[in-house]
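> Return atomic coordinates for the entry below.
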Amino acid sequence: MPSNAPKTIHQRAESFPVGAALALVGGFLDAYTYVSRGGVFANAQTGNMVLLGLRLADGRWNDALYYLLPIFAFAAGVLLAEWVRAALQRTRLFHWRQAVLLLELVLLFGIGFVPDGALNPYVNVIVSFVCALQVESFRTLHGLAYATTMCTGNLRSGTELLFRYLKSRERVLLKNSLKYYGIILVFIAGAVLGMFATGVLVERAVWIPASLLLAVLILLHRREPEAF
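Residues are numbered from 1 along each chain as shown. Below is the predicted model of the structure:
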């Protein structure tokens, strides 16, 4: 007998393939900036804040600024993503997330032409800015809050859902828990890919995540009927 319960419809931006592609980008960029751009995490601003505090404690003011800039860039990226959403939310020409992805893609493609060296601090600022745009614009996976550029929250949510499943045996809880763990595994895979690709391609390795963003941009080209 067919169920009369309404089906839950999600935007394509909340699909697992999109989330997995973005998590792959997130892991890749963290490895890219750490391996080839001076040991800075583009996504993990908590790590940069710890390193900032250590430099301040040592009185190494110039080094402290090196970690402060990506933090400010990340905050600026969040602000811009919210501005783009407010400005383009009602347009029917394209989805506002497509505009964000296009900006990310252009910035990452340009970074590939910047050689490793003296300009690394500026590259890290741009990559942190890009990561902030992404994490602010893509925040739900099938209605679940998650992140594509960091994993602490995903690990907490996935493990909480796993505990609730073990207690209640509701399969939907296990399914949702596995979604979080799946995103974490893809993020780790992105970091592995980022390390090896950067070792071979150096600064041009960033064109790989740029290509992934292009694929997501194409995937989102067909818009769903839901309200934006």
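
> C-alpha from now on. contacts and neighbour counts both.
Fine.

> Determine the longest helix present in this protein.
helix 171-201 (DSSP state H).

> Which other helices and strands does the helix or strand just after that helix contact?
Heading C-terminal from helix 171-201, the first helix or strand you meet, by DSSP states H and E, is helix 207-219. Contact here means 3 or more CA pairs under 8 Å, 6 or more residues apart in numbering; DSSP states H and E; on that basis helix 207-219 packs against helix 16-36, helix 96-111.

> and the last one, what does it pack onto?
In other words, helix 96-111. Packed against helix 96-111, as judged by 3+ CA pairs under 8 Å, 6+ apart, are the following elements: helix 61-88, helix 120-137, helix 207-219.

> Please identify the deepest-packed of these.
Of these, the one with the most neighbours on average (mean count of other CA atoms under 10 Å) is helix 120-137, at a mean of 24.

> who's in contact with that helix?
22, 26, 29, 33, 37-38, 40, 42-43, 66, 69-71, 73-78, 80-82, 97, 100-101, 104, 107-108, 111, 114, 147-149 (CA atoms under 8 Å, 6 or more residues apart in numbering).

> List the residues that contact Arg92.
Here Arg92 is in contact with no residues (criterion: CA under 8 Å, 6+ apart).

> before we move on, the earlier item: what would the helices and strands packed on helix 96-111 look like in JSON lines with mean pLDDT and distance to Thr198?
Listed next are the helices and strands packed on helix 96-111 as JSON lines, based on pLDDT from 0 to 100; distance: least, CA to CA, whole Å:
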{"stretch": "helix 61-88", "mean pLDDT": "91", "distance to Thr198": "20"}
{"stretch": "helix 120-137", "mean pLDDT": "93", "distance to Thr198": "14"}
{"stretch": "helix 207-219", "mean pLDDT": "95", "distance to Thr198": "10"}
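
> got CSV for the ones you listed, with distance to Gly143 too?
Formatted as CSV, these follow (distance: least, CA to CA, whole Å):
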stretch, distance to Gly143
helix 61-88, 19
helix 120-137, 14
helix 207-219, 19
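
> low-confidence ranges in this protein?
For the chain, applying pLDDT under 70 flags the ranges 1-10, 222-228.

> redo that, cut-off 80
1-11, 40-44, 91-94, 221-228 (pLDDT under 80).

> from what I can see Ala147 touches Phe138, true?
Yes: at 7.4 Å, Ala147 and Phe138 qualify as touching, with contact defined as CA atoms under 8 Å.

> center of this structure, which residue is that?
Geometric centre of the chain, nearest residue: Thr149, 3.2 Å, by CA atoms, centre = their mean.

> What helix or strand is that residue located in?
Here Thr149 is assigned to no helix or strand, by DSSP H and E.

> Tell me who's in contact with it.
By CA under 8 Å, 6+ apart, Thr149 lies in contact with 22-23, 25-27, 43-44, 131, 134-135, 187.

> For the residues you listed, which two are the farthest from each other?
Pairwise distances across those (CA to CA) peak at 15.2 Å, for the pair Leu22 and Ala44.

> Looking at these two, which one has more neighbours?
Leu22 (27 against 20; other CA atoms under 10 Å).

> which residues touch the closest residue to the more buried one other than its chain neighbours?
What sits nearest to Leu22 in space, not counting adjacent residues and going by CA to CA, 6 or more residues apart in numbering, is Thr148, at 5.7 Å. Taking CA under 8 Å, 6+ apart, we find Thr148 in contact with 19-20, 22-23, 26, 134-135, 138-139, 183, 187.
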